[in-house]
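Visitor: Predicted model and sequence follow; I will ask about them next.
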Amino acid sequence: MVQLVHSKEEANCITHSGTMHADEVFATAFLDLYLGDVRVFRTSSISLNEVEEGVLVYDIGRGEYDHHQIDAVKRENSIPYSSVGLLWKKFGKDFLEKQEFENVEEMFLGIDKDLVEEIDGDDNGVFPKVICPYKVKTLPNIIKIFNPSYDSNETEDSQFLKAVSLAKMIWEEEILYIRGKVVADHKIKDLLLKKDPNQKYLLLDQYLPYEDSILGNEEANNLLFVAYPSNRGGYSIKTIPKSAEDKTARMEFPVEWAGLENQDLEEVSGIEGLRFCHTGRFLVSCNSLQSVYQVLDKLCQ
């Protein structure tokens, strides 16, 4: 549990005060998970020679876990690390090992890419170019709204603790999410190795997060569809995008199927047991495995 203390002598972690940002908020939440007893002193300035050995100073002080100095550490892709990235780089693998996770290296890299790198980039001014007709809130944007608003009675410290609490929940869910993706990735790769090289679809006996595994694997370059049991009953068949960057389907469902359901869809397709085809032509749902095979055989000839 994170406690805010009022002096550096009471603290085992020190970060900056004032306006909070996603990097030190997520850094504090990670340290709470890693250390289990975090006493944070928030201050406007600190010199490392004032601090006792073993106290972690981050996002301030120009030390190992700060990134405001000219010679700040950068990733291989040239994005500078922020405080959370530096702490994750240093302690992330040790944390995962102590939690007794398998596939630690893959989990470490997956969490780094899926969560930490965005925070690093945003905090260092590397912003994504977003072309969208509505406002897009990134994770750092969400953390910003925890800063006391104009005419608010909330204090900076109380809002900081709220933000850290949210960040800790996100860390916990992210860890489980990436663990699941890593386990699924191993299963998908095994299936790809066993499939007929000419087969243009992949049939799963349970839903797995499959897209990243398929798009990053040459064994799957000829796949057009993935089918799996639906959590609504029956089966779903989904198209596969051309790449991680180009979400255009490698092959869409027939235009005449779009938006139809039940009997109307059965009549147009000539296949019994079809429930629904999305208007975007990327999803079809079926009542039975027999219907799935009929759809795939029809489209993958």
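Guide: Perfect, thanks for sending it.

Visitor: quick one: low-confidence parts of the stretch 101-250 of the chain?
Guide: Applying pLDDT under 70 to the stretch 101-250 of the chain picks out no residues at all.

Visitor: Recalculate using a threshold of 90.
Guide: Counting by pLDDT under 90, the stretch 101-250 of the chain has low-confidence residues at 128-131, 195, 197, 216-219, 244-245, 247.

Visitor: would you list every one of the helices in it?
Guide: Under the criterion DSSP state H, counting those that start in this stretch, the stretch 101-250 of the chain contains helices at 104-111, 117-123, 139-144, 156-194, 211-215.

Visitor: Just name the most buried of the ones you listed.
Guide: Among those, ranked by average contacts under mean count of other C-beta atoms under 10 Å, first place goes to helix 117-123 (a mean of 22). All C-beta atoms are positioned from the backbone trio N, CA, C, and that covers glycine.

Visitor: Next, the nearest residue to residue 155 once chain neighbours are set aside: phi, psi?
Guide: Excluding the flanking residues, the one nearest residue 155 by C-beta to C-beta, 6 or more residues apart in numbering is residue 148, at 6.9 Å. Note on residue 148: its backbone torsions stand at phi -50, psi 130 [degrees, to the nearest 10].

Visitor: Show me how the record splits this protein into domains.
Guide: Under the assignment named as automatic domain parsing, the residue ranges that make up the domains of the chain are 2-181, 196-299.

Visitor: returning to that earlier point: distance to residue 59 for the helices of the stretch 101-250 of the chain - can I get that in JSON lines?
Guide: JSON lines is the format used below for these (distance: least, C-beta to C-beta, whole Å):
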{"stretch": "helix 104-111", "distance to residue 59": "19"}
{"stretch": "helix 117-123", "distance to residue 59": "9"}
{"stretch": "helix 139-144", "distance to residue 59": "13"}
{"stretch": "helix 156-194", "distance to residue 59": "12"}
{"stretch": "helix 211-215", "distance to residue 59": "31"}
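
Visitor: Next up, the contacts around the residue lying closest to residue 192 once chain neighbours are set aside.
Guide: If the residues on either side of it in the chain are set aside, residue 192 comes closest to residue 219, at 4.2 Å by C-beta to C-beta, 6+ apart. With contacts defined as C-beta atoms under 8 Å, 6 or more residues apart in numbering, the neighbours of residue 219 are 189, 192-193, 195.

Visitor: got it, and residue 27?
Guide: Under the criterion of C-beta under 8 Å, 6+ apart, the contact list for residue 27 reads 15, 58-59, 65, 83-84, 87.

Visitor: now do residue 294
Guide: Going by C-beta under 8 Å, 6+ apart, residue 294 touches 271, 273.
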